[in-house]
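>>> Predicted structure and sequence below. I'll ask about it afterward.
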Amino acid sequence: MLEIIWIKGCTRMVSIISPSIMMKEVDDNHKNLTIPVYIEKTKEIVDKINSMSDEEMSKLMVIDGDLLRINRFRYNKFRFDSNGSPAILSYTGSVYKNINANVFDINDIEFCKEHIRILSGLYGILRPYDSIYEYRLELKSKLRIGKFKDLYGYFGECIYQNLVKHDREILNLCSNEYSKAIIPYLCSKDMFITCSFKIKRNNIIKSYAMDSKITRGKMVNFIIKNKIDKYEMLKEFDDNGYLFDKALSNKYEYVFTK
């Protein structure tokens with residue numbers, strides 16, 4: 001049984017998660033949604049995409065047919081206001097289904113706002129209750145903007161600097177595609193721990209993508225429901241068959257196995 005002691009504003013750890021390709025518009029009662037911190041960069045990306053031909057857009061996003069037409073329409077009508085959907089409720093992939101944010105109470109929401117960040121190819125970094133609109137754009141997309149050959153270069157150190165400006169420790173629950181936006185900028189002052197979920201099968205220990213996504217979502221739910229802001233408390237995680245594996249873990253990676 002975890003002893004939950006959390007004082008708003010006294011944060012020690014922020015968890016980062018990847019977005020999902022699947023999204024939905026949410027008709028939600030949340031008011032006063034915040035504007036993403038790098039919205040001006042988002043506007044520049046949207047302008048760039050809207051200047052592309054259908055062929056260029058198809059190649060960039062690896063889509064065609066109805067999916068291309070839907071995303072062309074979305075970008076042509078894109079908005080940057082506070083009337084969108086909360087980010088954490090907009091994404092509908094396996095991670096987000098298992099976060100289960102639609103049942104958060106007010107204390108969960110307040111903790112989530114301070115302790116969870118979502119990395120994004122379009123927005124850079126999102127707070128969970130930032131206002132966003134449906135889009136398709138992965139961080140690894142080879143979108144050239146100005147002198148930058150891709151989105152990693154375009155956002156540069158911005159995402160990292162936003163994370164560490166409050167001297168927070170970082171828990172990495174992202175895929176490699178998104179953690180690459182942070183790792184090159186880490187310095188000796190940073191604490192950056194990755195959670196890995198691995199299955200022991202036929203004397204082989206390895207991660208499986210879908211099972212890892214599901215369990216990352218459950219880990220986020222565990223963090224929020226238990227108001228966890230210290231790394232040591234993560235070792236109490238016990239869900240989806242996973243338990244902390246001390247033998248495989250080290251100071252930079254917490255490994256959970258089943």
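Right, received. Where do you want to start? Residues are numbered from 1 along each chain as shown.
>>> counting contacts, what elements does the longest helix seen in the chain pack onto?
Counting residues, the longest helix found in the chain (DSSP state H) is helix 209-225. Helices and strands touching helix 209-225, by 3 or more Cβ pairs under 8 Å, 6 or more residues apart in numbering; DSSP states H and E, are strand 13-17, helix 94-99, helix 106-115, strand 116-120, strand 169-173, strand 192-201. In this view, the C-beta of every residue, glycine as well, is placed from N, C-alpha and C.
>>> The third one to strand 169-173, inter-axis angle?
An angle of 100 degrees separates the directions of helix 106-115 and strand 169-173 when computed by axes from the mean of the first three to the mean of the last three Cα atoms, to 10 degrees.
>>> what does the last one give?
Counting by the same axes, to 10 degrees, strand 192-201 points 30 degrees away from the direction of strand 169-173.
>>> how many neighbours does the residue nearest to Ile118 when sequence neighbours are not counted have?
What sits nearest to Ile118 in space, not counting adjacent residues and going by Cβ to Cβ, 6 or more residues apart in numbering, is Leu126, at 4.3 Å. Per other Cβ atoms under 10 Å, the neighbour tally for Leu126 reads 26.
>>> Wait, Leu126 touches Ala87, no?
Yes - in terms of Cβ atoms under 8 Å, Leu126 counts as a neighbour of Ala87; the distance is 4.4 Å.
>>> just for this structure, where's the confidence low?
The model of the chain has pLDDT under 70 over residues 1-11, 28-30, 167.
>>> Contacts only, for the residue nearest to Ile118.
Shown in contact with Leu126 (Cβ atoms under 8 Å, 6 or more residues apart in numbering): Pro19, Pro36, Ala87, Arg117, Ile118, Leu119, Ser120, Ile132.
>>> Which phi and psi values does it adopt?
Main-chain torsions, Leu126, degrees, to the nearest 10: phi -130, psi 140.
>>> Wasn't Glu25 part of a helix?
No - under DSSP: H, G, I helix; E, B strand; the rest coil, Glu25 sits outside any helix and is assigned coil.
>>> State the distance from the nearest residue to it once chain neighbours are set aside to Asn32.
Leaving aside its chain neighbours, Glu25 sits nearest to Ser85 (5.6 Å; criterion: Cβ to Cβ, 6+ apart). For Ser85, the distance to Asn32 equals 14 Å [Cβ to Cβ, to the nearest Å].
>>> re earlier: now do the shared contacts for Leu126 and Ala87.
With contacts taken as Cβ under 8 Å, 6+ apart, Leu126 and Ala87 have Ile118, Ile132 as neighbours in common.
>>> ranges for the helices of the protein?
So, for the chain - with DSSP H - the helices run 39-50, 54-61, 65-76, 87-90, 94-99, 106-115, 151-155, 158-164, 176-179, 209-225.
>>> which residues touch the longest one?
Helix 209-225 is touched from outside by 15, 17, 93-100, 104, 108, 111-112, 115-116, 171, 173, 195-197, 199, 228, 234, 237, 239-240, 242, 256, with contacts defined as Cβ under 8 Å, 6+ apart.
>>> Out of those residues, which end up buried?
Neighbour-count burial (16 or more other Cβ atoms under 10 Å) applied to the contacts of helix 209-225 gives 15, 17, 93-99, 104, 111-112, 115-116, 171, 173, 195-197, 228, 234, 237, 240, 242, 256.
>>> So Lys149 sits against Lys142, correct?
Yes - here Lys149 reaches Lys142: they are 7.1 Å apart, a contact under Cβ under 8 Å.
>>> What is the neighbour count of Phe155?
Number of residues near Phe155 (other Cβ under 10 Å) recorded here: 24.
>>> For Tyr135, see how far away it is.
Relative to Tyr135, Phe155 is positioned 15 Å away (Cβ to Cβ).
>>> Now do the longest helix of the chain against strand 169-173, angle only.
Going by the same axes, to 10 degrees, helix 209-225 is angled at 140 degrees with respect to strand 169-173.
>>> Could you list the buried residues of helix 209-225?
211-225.
>>> cool, and stretch 18-26?
So, applying 16+ other Cβ under 10 Å, buried residues of stretch 18-26: Ser18, Pro19, Ser20, Met23, Val26.
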